[in-house]
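J.: structure, please.
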Amino acid sequence: MEYPWLSSYLANLYQSILNKKPSSPLLIEGIAGLGKWSLARKYGQMLLCPTHSQDEHCVCRACQLMLSDVHPDLLAIEPEDEGKLIGVDSVRSLLNKLSLSPHCQGSRVVLVRQAEFLTIQAANAFLKFVEEPGANIIIAMTLDLPGKVPLTLRSRCQKMSIGAPPQDMALEFLRGKGVTDDAVHCIKLAGGAPIRALSIFEANSMERRKLFLMDWISCGAGVLPPALVADRWNGLPIRELALWIRTWLLDTIRSTISGEKTAPSLELEVAGRVSDIHGDKLFEFLELIVTMEGQYTRQLNNQMMLEFYLCKWRDINNFSDI
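T.: Residues are numbered from 1 along each chain as shown. Predicted coordinates:
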């Protein structure tokens, strides 16, 4: 497997196939950047392979079709673009295809990437399908935000939670991709997710993050107005921005409690600016940022939302006793 930290999960899925137990829909959940979609696709490949082979170099027709991403009995729906919702029309199109006979003998596999992006109407339509999927249809979904999927849908699934790998394994993965400088820092920013850490490195996010950090400091100090900062930040994906802010806050809280600036992602300017803010205020704002992190699945006005949170940040800096 391309991602070694998924080997044990893949082995469990393989064993479930051998035991003929993949009847309930599978929900693979965990933070972004762990390879959940690759695991789901590999699961689909094993199900469609006549011998259920785990071998990445299997030469059977089903595996070759999977590798070419053209297997007719594997159907997938996913957001068209980053942050876009999956509408009910996508689910209806999927169901229309499933009403036809399978192209090959055996099972058909339905995969849903980032199921938290299903609209309410799409989730309800998909729920009806999950309740009566039909013969030899196996369903697997991936999920970055567990709380964003309706409980009625989630309760009907078998859960597989993917955790971040040990740091040594993540570092080995990054070094294999040519990442040496800032590898630990990237892993920290990615919440321990190696694939996301690699994306941060490749996108030159480190330099961009420093610029945004200075905006964050200046806004908190009352130097830059929240509206201006929100306008500058408007093009950045909300999930990535929320992760940065959450990391800054957590490191600031750790630094404030310990009295030492030991956290790898903590810039000294942040601790200096917010050291006089009461800890309760920092924790309250951290809860707000967690809320913000979950709002990227909704069709909101990002600039207005950013301005709201930046105003809150300015207020606790300037009026921390309120």
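J.: residue contacts, Lys84?
T.: Neighbouring residues of Lys84 by CB atoms under 8 Å, 6 or more residues apart in numbering: Phe117. Quick note: C-beta positions are derived from backbone N, CA and C, even for glycine.
J.: where does the nearest residue to Glu284 once chain neighbours are set aside sit, in terms of helix or strand?
T.: Once flanking residues are discounted, Glu284 sits nearest to Ile316: 7.8 Å by CB to CB, 6 or more residues apart in numbering. Per DSSP states H and E: Ile316 is located in helix 302-318.
J.: where exactly do the helices run in the stretch 201-322 of the chain?
T.: 205-220, 226-233, 238-258, 268-274, 279-294, 302-318 (DSSP state H, counting those that start in this stretch).
J.: can you spell out the domain ranges of the chain, please?
T.: Split into domains by automatic domain parsing, the chain comes to 4-161, 204-318.
J.: just the mean pLDDT for the longest one, thanks.
T.: For domain 4-161, mean pLDDT is 90.
J.: for stretch 228-239, same thing?
T.: For stretch 228-239, mean pLDDT is 80.
J.: TSV for the domains of the chain, including distance to Ala170?
T.: Below are those laid out as TSV (distance: least, CB to CB, whole Å):
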stretch	distance to Ala170
domain 4-161	8
domain 204-318	14
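J.: among those domains, which comes closest to Asp182?
T.: With distances scored as CB to CB, the stretch of the domains of the chain nearest to Asp182 is domain 204-318 (5.8 Å).
J.: returning to what we had before: who wins for proximity to Arg196 among the domains of the chain?
T.: Across the domains of the chain, Arg196 has its closest neighbour in domain 4-161 (2.5 Å, CB to CB).
J.: end to end on the closest one, go ahead and measure it.
T.: With CA to CA, to the nearest Å as the measure, domain 4-161 spans 16 Å from end to end.
J.: what does stretch 64-76 give?
T.: Terminal residues of stretch 64-76 lie 17 Å apart, using CA to CA.
J.: can you tell me what sits against that stretch?
T.: Residues outside stretch 64-76 that contact it (CB under 8 Å, 6+ apart) are 41, 44-45, 48-49, 62, 94, 97-98, 102-104, 106-113.
J.: all set now, cheers.
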